[in-house]
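Peer 1: prediction below, plus the sequence it came from.
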Amino acid sequence: MKKIIKNLTMVSALALTLSACSSSDSSAKKEKLVISTWGFSEDFFREEVYKPFEKEHNVEIVLDSGNNADRLNKVRQGNSDVDVIYLSDYYAEQGIQDGLFEKIDHSVIPNVENIYEMAKAPLGKEYGPAYTIAQFGIAYNPDEVKKPITSWADLWNKDLGGVITIPGITSTTGPMFLDAASKVSGNTKFNEDAAFTKLKELMPNVLKEYGQTSEFVNMFAQGEIAAGPIMEMYFAQLQEAVPNAKFVSPKEGGYAVMNTVNIVKGSEQKELAEEFINYLLSKEVQEKSAKAKIDSPVNTKVQLTEEEAKGLTYGEDVINSLNILDMKFVNKNSKQWIDRWNKELAQ
Amino acid sequence: MRNRTIYLLLLPGALFLTIFMVIPILLTIGSTFFNEGSFSFEGYLHYFQDKYFIGILLTTLRVSLVTTFICILLGFPVAYYISKVGTRTKVLLLLLSIFPLLTSSVVRSFSWMIIIGKNGVLNKLLLSIGLIEEPLNILYTPTAIIIGLVHLFLPLIIITLIGVLENMDEDLLTAAESLGASRLGVFAKVVLPLSMPGLVIGSILVFVGSFTAYTTPALLGGKQRVISTFLYQNATTLNDWHTAAIVATIMIVITLLVTIIMNQIAYKINPKG
């Protein structure tokens, strides 16, 4: 018995030593603006977006990164110091319903006038605009499928047994895929029962649901899957791993995923935060992120060549062709959908 | 007097655990019995009538029990061997066997993806030597979870077993053999009962660890959910803390039950252990 405890102590001591090797930052006296965001392409944003803003306003930008759900939850718990929060429209709507965000007067964000109509106030005039619109469509590996994929309905093809992935219902694009299933079932208006029946038929094709896009990219790169619905903004990563990969806007229409920025209630930097949102929508920043192929622009003044627009959701025609979900409707039904998804599609 | 004051040393630790563990756990458990302000068991009834939840629970139990069993099978011989070698080799082997504990479970899961994936090392090898014609589907199944968990928890059982095996008196084995016991008999009647304390502690650690593991099932598991990923979905994505608390309480109770059962079995085999 003694020996056991001795050995266990040794192991935990080792573990402790390892975990103690983290460092702590010393805080500066400067004003701080805390931004909660996903954390992808952090180097780019730090250099090209945050740094110029920090200089101009003599402020230090501090990042808090993580996925939508985790970050929204932190704000929900009420003890975070986040000022500006980036969220996909699905999660931002939840935040609005919970009263977590400050109301924003769009007149203090003049650049709103220069962005696509759809992006101006996706969740109501009192809340933050979308700074980018991503298309949710289908990516596939042409070497691994028998026929090219052109529509949502093609995912139901029997040839694709066990080689596709679909977004889980709790991810941002989950409800969109549910809507697509309803369309595939032949309904023009959303039909919940038909959508679930159709999804049940799809399950033999599904290897695994994905919760984060990185899982999709990983499975695609490893050859575990041959196709699946994904946001266009991640397509560049897929192509890096599989150069032949194709992205298609399905015949029934892709979906618009709008990433929004909001100001967290109780922020002491409201003015600065509004300034930041305005800056984020400016032609300068929008053009930079577009050219770096990170975020598709919503500012209509940004002009891109064909080469520059590759892999981005760009141009009035494309934007107008996208299906939009009513996030209020989604939010009201999501609990029930998640429940049905868990129960009816579980195997 | 001296003996009494020595208990004061327990105070800081006990206080810390009470404030940060005992009270939160009691609050969590307490909250599950209240539904909209009134006392009820409804939350629990709802879950135990729910086929989907029972399915998740059974998958999780099966995965954890199989993991524990495999860990015992693999861990026992290794521990026995390590306990018999010289001190210097022993330290080296001990270090090697706890090595998996020093890498993060995320990294470990990713390496398993590369090994057991459809185009992974294992499938390529088996295909090239002609043992199989179609790649095996291991990744994203409960088998993959079990493989990952065995890798994760094997060190725990090895360490706890070495402790008891080291203290076992060689003479007992010689005595048993000289009195006519077969090798198997010696193992069943002497070695196994004497190693029971280590085996029980090790098994409990492995079982509880597997039952509550989140990262490994989330990364290596497929469409089939386990209880901790279900809990996570309720707590963070659905923001439904009531359900999450109920699931957490069910997990605590099951862990306690299994611990008690394992102790009972151990007591049957070696009442003095």
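Peer 2: That came through, no problem.

Peer 1: and B:Y52, how many neighbours?
Peer 2: With neighbours defined by other CB atoms under 10 Å in any protein chain shown, the count for B:Y52 comes to 15. Glycine gets a C-beta too; all of them are placed from N, C-alpha and C.

Peer 1: that one belongs to a strand?
Peer 2: No - secondary structure of B:Y52, determined by DSSP: H, G, I helix; E, B strand; the rest coil: helix, with no strand assignment.

Peer 1: how about the secondary structure of the residue lying closest to it once chain neighbours are set aside?
Peer 2: Nearest in space to B:Y52, with sequence neighbours left out and distances taken as CB to CB, 6 or more residues apart in numbering or on different chains, is A:K343 at 4.7 Å. Taking three-state DSSP as the rule, one finds A:K343 in the helix state.

Peer 1: pretty sure A:K343 sits against B:F53.
Peer 2: No - taking contacts as CB atoms under 8 Å, A:K343 lies outside contact range of B:F53: 9.4 Å.

Peer 1: with neighbour numbers in mind, choose between these two.
Peer 2: Taking other CB under 10 Å, A:K343 and B:F53 do not tie; B:F53 has more neighbours (21 against 14).

Peer 1: not counting sequence-adjacent ones, nearest residue to that one?
Peer 2: Using CB to CB, 6+ apart and skipping the chain neighbours, the partner closest in space to B:F53 is B:Y47 (5.0 Å).

Peer 1: now do A:D64
Peer 2: A:S36 (4.5 Å).

Peer 1: got the phi and psi for that neighbour?
Peer 2: phi -100, psi 120 (degrees, to the nearest 10).

Peer 1: would you check how far apart it and A:Q212 are?
Peer 2: Distance of A:S36 to A:Q212, given as CB to CB, to the nearest Å: 17 Å.

Peer 1: neighbour count winner among the two?
Peer 2: A:S36 (27 against 14).

Peer 1: contacts only, for the more buried one.
Peer 2: When contacts are counted by CB atoms under 8 Å, 6 or more residues apart in numbering or on different chains, A:S36 touches A:63-66, A:71, A:74-75, A:80, A:82, A:84-86, A:264.

Peer 1: those residues in strands, which ones?
Peer 2: Among these, the members falling in strands (DSSP state E) are A:63-65, A:84-86.

Peer 1: and the two most separated of the residues you listed?
Peer 2: Greatest spatial distance in the ones in strands among the contacts of A:S36: A:S65 and A:V84, 12.8 Å, computed using CB to CB.

Peer 1: between those two, who's got more neighbours?
Peer 2: Higher neighbour count among A:S65 and A:V84: A:V84, with 24 against 14, using other CB under 10 Å.

Peer 1: how close does that one get to A:F45?
Peer 2: For A:V84, the distance to A:F45 - CB to CB - is 12 Å.

Peer 1: could you list the low-pLDDT ranges of the stretch 1-150 of chain B?
Peer 2: B:1-2 (pLDDT under 70).

Peer 1: who in it is up against chain A?
Peer 2: With CB under 8 Å from any CB of the partner chain as the criterion, the stretch 1-150 of chain B meets chain A at residues B:51-52, B:55, B:94, B:98, B:101-102, B:113-114, B:117-120, B:137, B:139-140.

Peer 1: going through those, which ones are buried?
Peer 2: B:94, B:98, B:101, B:113, B:117-118, B:120, B:137, B:139-140 (16 or more other CB atoms under 10 Å in any protein chain shown).

Peer 1: list the contacts for residue 133?
Peer 2: I'll assume chain A. A:116, A:118-119, A:256-259, A:296, A:298, A:313, A:319, A:322.

Peer 1: wait, I meant chain B there
Peer 2: B:L127.

Peer 1: you'd agree it is in a helix?
Peer 2: No - according to three-state DSSP, B:E133 belongs to no helix; its state is coil.

Peer 1: and it, how far from B:L125?
Peer 2: 14 Å.

Peer 1: then B:I23?
Peer 2: 53 Å.

Peer 1: same deal with A:E344?
Peer 2: Taking CB to CB as the measure, A:E344 falls 39 Å from B:L125.

Peer 1: do the same with B:T141
Peer 2: Computed as CB to CB, the B:T141 to B:L125 distance reads 19 Å.

Peer 1: coming back round to it: what's the one helix or strand the residue nearest to B:F53 maps to in contact with?
Peer 2: Using DSSP states H and E, B:Y47 falls within helix B:42-48. By CB under 8 Å, 6+ apart, the residues outside helix B:42-48 that reach it are B:32-33, B:35, B:53-54, B:242-243, B:246-247, B:250.

Peer 1: list just the nearest of these to A:Y90.
Peer 2: For the contacts of helix B:42-48, the residue nearest A:Y90 by CB to CB is B:T243; the value is 20.3 Å.

Peer 1: got the contact list for that closest one?
Peer 2: Per CB under 8 Å, 6+ apart, neighbours of B:T243: B:43, B:234.

Peer 1: in a strand, it, correct?
Peer 2: No - with three-state DSSP as the criterion, B:T243 is helix rather than part of a strand.

Peer 1: confidence score at it?
Peer 2: pLDDT recorded at B:T243 is 85.

Peer 1: ok, now how distant is it from A:Y91?
Peer 2: B:T243 is 19 Å from A:Y91, by CB to CB.

Peer 1: name the element the residue nearest the centre of chain B belongs to?
Peer 2: The residue lying closest to the centre of chain B (CA atoms, centre = their mean) is B:V206, at 1.9 Å. Element membership for B:V206, per DSSP H and E: helix B:196-212.

Peer 1: rounded mean pLDDT for that helix, please.
Peer 2: 93.

Peer 1: next one: whatever helix or strand comes next after that helix to chain centre, how far?
Peer 2: Under the assignment DSSP H and E, the closest C-terminal helix or strand after helix B:196-212 is helix B:215-220. Distance, stretch centre to chain centre, for helix B:215-220: 15 Å (CA atoms, centre = their mean, to the nearest Å).

Peer 1: what residues does helix B:215-220 touch?
Peer 2: For helix B:215-220, the external contacting residues (CB under 8 Å, 6+ apart) are B:63, B:105-106, B:108-110, B:112-113, B:139-140, B:144-145, B:147-149, B:152, B:226, B:228-229, B:232.
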